[in-house]
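>>> sharing a model prediction with you, sequence too.
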Amino acid sequence: RKEVEQDPGPFNVPEGATVAFNCTYSNSASQSFFWYRQDCRKEPKLLMSVYSSGNEDGRFTAQLNRASQYISLLIRDSKLSDSATYLCVVTAGSSNTGKLIFGQGTTLQVKP
Amino acid sequence: DTEVTQTPKHLVMGMTNKKSLKCEQHMGHRAMYWYKQKAKKPPELMFVYSYEKLSINESVPSRFSPECPNSSLLNLHLHALQPEDSALYLCASSLAGQGLRDEQFFGPGTRLTVL
């Protein structure tokens, strides 16, 4: 079983749609959780950290369920510029090494 | 300023060459990272420096040699690489490499081709 699992997609949605990505992680000791987005041939950019209480940043909402070891990202009112690969990222267990575990990424294509 | 810079942007080298990749950040971060990313795959961690000391080496072949001259700079020295080492090499930095929500910020990467 992969340490961080995501549906690779692609998710093809029209502009204005709401889309949700899910992610599960295997290590219950993981402490920090993030969503990064990566455009083609560019570096990953931090989209948002994911907090236990859930958090929102504009059109983006992230949720964490520690009991189910499940993370989600909801994008409302999709824009063409949201087309990218979304990486679910967790820290490697409880040790504070800075080591991150990346999911394989979910590809989103927003169409006009 | 959440900026990590990397040079060069592109590098083509032969299997007998020696070259170096450079990374710089001026955010006061004390942890710096090297990742390797192949097409359509997520980044793979190679090395972590924390407070200028190597804290993680993910069993990387010795033809890759990291160096952290000071808290703002990170180098990756390359020697006798193989064609399969061709990839995007990403540098990242974070506040301290420890603690909750220690967010990592990535540089634009060096796209390396080994002939």
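Great, that's in hand.
>>> can you pull up the bridge partners for the residue nearest to the spatial centre of chain B?
Among the residues of chain B, the one closest to the centroid is residue B:34, at 2.7 Å (CA atoms, centre = their mean). Taking DSSP bridges as the rule, residue B:34 bridges to residue B:47, residue B:91.
>>> which positions in chain A make contact with chain B?
A:31-32, A:34, A:41-46, A:49, A:51, A:87, A:91, A:96-100, A:102-105 (CB under 8 Å from any CB of the partner chain). (Glycine included, C-beta is placed from N, CA and C.)
>>> swap in 7 Å and give it another go.
Residues of chain A lying close to chain B by CB under 7 Å from any CB of the partner chain are A:31-32, A:34, A:43-44, A:46, A:49, A:87, A:96-100, A:102-105.
>>> so where do the strands sit in chain A?
Along chain A, the segments classed as strands by DSSP state E run A:4-6, A:11-14, A:19-25, A:33-38, A:44-49, A:55-57, A:60-65, A:70-75, A:84-91, A:100-102, A:106-111.
>>> other SSEs contacting the last one?
Under the contact definition 3 or more CB pairs under 7 Å, 6 or more residues apart in numbering or on different chains; DSSP states H and E, strand A:106-111 sits against strand A:11-14, strand A:84-91.
>>> low-scoring stretches of chain B, by residue?
B:1-2, B:97-101 (pLDDT under 70).
>>> check contacts around residue A:15.
Applying CB atoms under 7 Å, 6 or more residues apart in numbering or on different chains, we find residue A:15 in contact with A:78, A:79, A:80, A:110, A:112.
>>> neighbours around residue 21, how many?
As the question left the chain open, I've gone with chain A. Using other CB atoms under 10 Å in any protein chain shown, residue A:21 has 22 other residues around it.
>>> actually chain B
Count around residue B:21 with other CB under 10 Å applied: 23.
>>> what does residue B:111 give?
16.
>>> can you confirm it is in a strand?
Yes: assessed with DSSP: H, G, I helix; E, B strand; the rest coil, residue B:111 lies in a strand.
>>> for it, what are its contacts?
B:9, B:10, B:88.
>>> if we use 6 Å, what do you get?
Counting by CB atoms under 6 Å, 6 or more residues apart in numbering or on different chains, residue B:111 touches B:10, B:88.
>>> same question for residue A:93.
A:27, A:29.
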